[in-house]
Structure formats: C-alpha cells, structure tokens
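Participant: Sequence and predicted structure, then a few things I'm wondering about:
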Amino acid sequence: MFILCQGKVAETPYEMPFTGQKVYSLEELCYYIYNNIYSINEDFFQEPLADWLEEETEHPVLAKKMRGLFSNHAGLKDLVVTILCGCDYYREAEVRSLVSIIDGIANLPLYKKKKMKADNYLRAGRYGKSLQEYRKLLHGSFAVNFTTEEYGDILHNQGIARFYTSSFAEAGNDFKEAYVRNNKKSSLEHYLWILLMEGKKELFETEAVSFGLEPEEILASKAKYNEALSQCRIPNESEQDLERYKQQLETAFLC
C-alpha cells in the first residue's frame, strides 16, 4: 500500500501504543487511525505524539492543538477529528463517516466496550492483560449481558490468550467450550488442533467424530494442521524455539 505524503517524512518514526507499528508521516498516521478505529481509544493519544508531530513532521500548530486537547481530557471524537483535519488525506465526507462510527462506538453498552478493550489488548499481543479482562467478562457482573454465542466468542479469545500465557490444555478447554456455545468452525478447529499439538491423536479422532465431522473434513483439518507444522519445524525445544513454534502455529482470528 502506497500512501501519498505531502508533508515532511519523519526521520524518526512514531511507534503506535500497544501495537508498536511505525508511521513516518502525518498522512500515514491518519491512514492508520482511519482503518483501525475500532482498536483505538483515548489512551492511543499521548504526549509523545504531540512532540513527534512538532519535531519530526513539522506540524507545530497541530501539535499545540493536541496538547490543548490532552490538557482538557478531550474525548475520542475530538482527538481523531483534529488529527484527520491536520492534513488533506481524507475528504470531509470520509471524516464525517468516521465520526458516525465513533458515535456508534460511544453508544455501545459498557459490557461491549469492555470486550472491545480486551480484544484490543489481544490484538496488540498483550496476552496477560487480555486474559485478565476476559476473566472479568466471563465471571463478573457483565456475564449475564452476553448472548450464548457472544459468551462463546469471549471464551474463544480467552483461549488464544491462554495459548500464549498458560498451557495448551487450558486453551483447548476454552476452544471446546466456546464451540459448544458459539457453534463456530474456527473454535472447533482450534480445539482439535490443540489435541494434535498435545499428541492426542486418538482423542482427536474421537472428538472430531463426536462433533459430527465427516471423514473428509477430518482429513482436511489434519492436512491443514500438518501444513502449518511443516512450515515451522524446529531443531530443538529451547524456550525461544518453542515460543516461535507457538506463534507460527497460531492462526486464529478474533471472534
């Protein structure tokens, strides 16, 4: 993706909070915000951003406006609109469309905002933090607000967090329970793959049949797993290699 930049390209990039993605211009920053609006909140806008805008991209007026917003504890909409209006990368109609999305997010029930927060931590690779948030959702006062499918989706995402922070067995239990609730193929597939990763081939076959998979579906699932495994074969089981192994096998999408 090529982004046309009219302003100065920074020598030192700005590193996004949480994700660590780097941008080198105001236009790139606008593009990132516009296309990741569901994973951005007020915490995304921090004092170093104003410093970067002033020192690296030579936008002192915009930097001053941002510092004023920080001081006044401005809301997400004001912060986003100020950045997007700092250059002409997006047309007015596009900015208005994004504002409508922000308004929609602001009007979400608190329990759905809490799930978005947990998902954002997970996307950013902050697995321990996301696991804490998912536990609060599943076992706290918000749990009664979720539908059976939504509850299953949270279990699925908690399984991803546990995949990285605890054990395959705990992750597998989450994926299995998630599938019982949300009936999503991805949750079932993740559960079955965990069994293969644990070397439980017989249990894999038994569970696959019990959940109604046809023989060709079972073969396809094993083939997909073996393909992923062949691409990340490791020479030994050092901690560094094992972590890489887990990361390469993890092909989940958030629910």
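Facilitator: Yes, it's here.
Participant: The helix or strand residue 186 falls within - what's its average pLDDT?
Facilitator: Taking DSSP states H and E as the definition, residue 186 sits inside helix 185-197. Here helix 185-197 scores 94 as its mean pLDDT.
Participant: buried residues in it?
Facilitator: 186-197 (16 or more other CB atoms under 10 Å). Every C-beta, even on glycine, is put in place using the N, C-alpha and C of the backbone.
Participant: Quick one: residues in contact with it.
Facilitator: Residues outside helix 185-197 that contact it (CB atoms under 8 Å, 6 or more residues apart in numbering) are 152, 155-156, 159, 168-169, 171-172, 175-176, 178-179, 201, 203-204, 207-208, 211, 213, 221-222, 224-225, 249, 252-253, 255.
Participant: Show the subsequent helix or strand relative to it.
Facilitator: helix 201-210.
Participant: Now do that next one against helix 185-197, angle only.
Facilitator: Interaxial angle, helix 201-210 versus helix 185-197 (axes from the mean of the first three to the mean of the last three CA atoms, to 10 degrees): 160 degrees.
Participant: Give the buried residues for helix 201-210.
Facilitator: Those would be 204, 207-208, for helix 201-210 by 16+ other CB under 10 Å.
Participant: now those as CSV including pLDDT?
Facilitator: Shown next, in CSV, are those (pLDDT from 0 to 100):
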residue, pLDDT
204, 96
207, 97
208, 96
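Participant: so where's the stretch 1-150 of the chain uncertain?
Facilitator: 1-7 (pLDDT under 70).
Participant: Please enumerate the helices of it.
Facilitator: 26-35, 47-55, 60-71, 76-84, 92-106, 110-123, 127-139, 148-165 (DSSP state H, counting those that start in this stretch).
Participant: Out of those helices, flag the one nearest residue 11.
Facilitator: helix 47-55 (9.8 Å; CB to CB).
Participant: and the closest one, what does it pack onto?
Facilitator: strand 14-15, helix 60-71 (3 or more CB pairs under 8 Å, 6 or more residues apart in numbering; DSSP states H and E).
Participant: List the buried residues in the last one.
Facilitator: Along helix 60-71, these residues count as buried under the neighbour rule (16+ other CB under 10 Å): 62-63, 65-67, 69-70.
Participant: how about the residues you listed, which pair is most distant?
Facilitator: Between any two of those (CB to CB), the greatest distance is 12.7 Å, for 62 and 70.
Participant: Including distance to residue 11, could the helices of the stretch 1-150 of the chain go into TSV?
Facilitator: Putting the helices of the stretch 1-150 of the chain into TSV (distance: least, CB to CB, whole Å) gives the following:
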stretch	distance to residue 11
helix 26-35	14
helix 47-55	10
helix 60-71	17
helix 76-84	20
helix 92-106	28
helix 110-123	28
helix 127-139	32
helix 148-165	34
